[in-house]
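Engineer: A structural model of the following input is requested.
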Amino acid sequence: MVHMASSCPLAPNSSLLGFDLTVAFNKNQLLCYDPDDLRFAPCDWGLLRGIAARIADAINNDTTWVQRAEARRRACSELAARFWEQTALRRTQPQIRIVPAQTESPSVPIRLTCHVWGFYPPEVTIIWLHNGDVV
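Structural biologist: As a prediction, the model looks like this:
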């Protein structure tokens, strides 16, 4: 099975850190795209190295493949801001539920358990207050 995969890692400020595009054969990277040289190169160092080199030569002689790779790279740049807002910049308030449970202790007849979920970003601080004082 042959498939093409691309990725564009983003920095914390949403700028594009790079662009990777590979053509894989049976889940093994066969060809890697070099966006600086606008060329495909073999990235398999095993038994398929010779075949990968021949395929890279053929693909590099057809401008369609480089045009596709560059279109994917442009898409990374254009879509990064939109996806960044929908993912890394999103804010979701936590959902909270306090569950009382009776205990067998007469001095502490009820135990309260607080469940908090569904919030983003993952950092959250939970404190118990009793009459305004931290417990």
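Engineer: got the buried residues for the top helix by length along the chain?
Structural biologist: Once the chain is assigned using DSSP state H, the helix that runs over the most residues is helix 63-86. Buried residues in helix 63-86, counted by 16 or more other C-beta atoms under 10 Å: 65-66, 69-70, 72-73, 76, 80, 84. Yep, even glycine has a C-beta here, placed from its N, CA and C like the rest.
Engineer: so the residue sitting furthest away from the middle of the chain, which state does it fall into?
Structural biologist: Largest separation from the mean C-alpha position in the chain: residue 106, at 51.0 Å (C-alpha atoms, centre = their mean). Each residue gets one of three states, and residue 106 gets coil by DSSP: H, G, I helix; E, B strand; the rest coil.
Engineer: among the buried residues of helix 63-86, which one lies nearest to residue 34?
Structural biologist: residue 69 (9.4 Å; C-beta to C-beta).
Engineer: wait, the closest one sits on residue 36?
Structural biologist: No: judged on C-beta atoms under 8 Å, residue 69 makes no contact with residue 36 at a distance of 12.0 Å.
Engineer: returning to what we had before: same for the longest helix of the chain, what does it pack against?
Structural biologist: Here helix 63-86 touches strand 2-7, strand 20-25, strand 39-42, going by 3 or more C-beta pairs under 8 Å, 6 or more residues apart in numbering; DSSP states H and E.
Engineer: parallel or antiparallel, list what pairs with the last one.
Structural biologist: In the sheet containing strand 39-42, its partner strands are strand 28-34 (antiparallel), by DSSP bridges.
Engineer: beta partners of residue 112?
Structural biologist: So, taking DSSP bridges as the rule, residue 112 has residue 100 as bridge partners.
Engineer: quick one: it and residue 99 touch, right?
Structural biologist: Yes: with contact defined as C-beta under 8 Å, residue 112 counts as touching residue 99 (7.2 Å).
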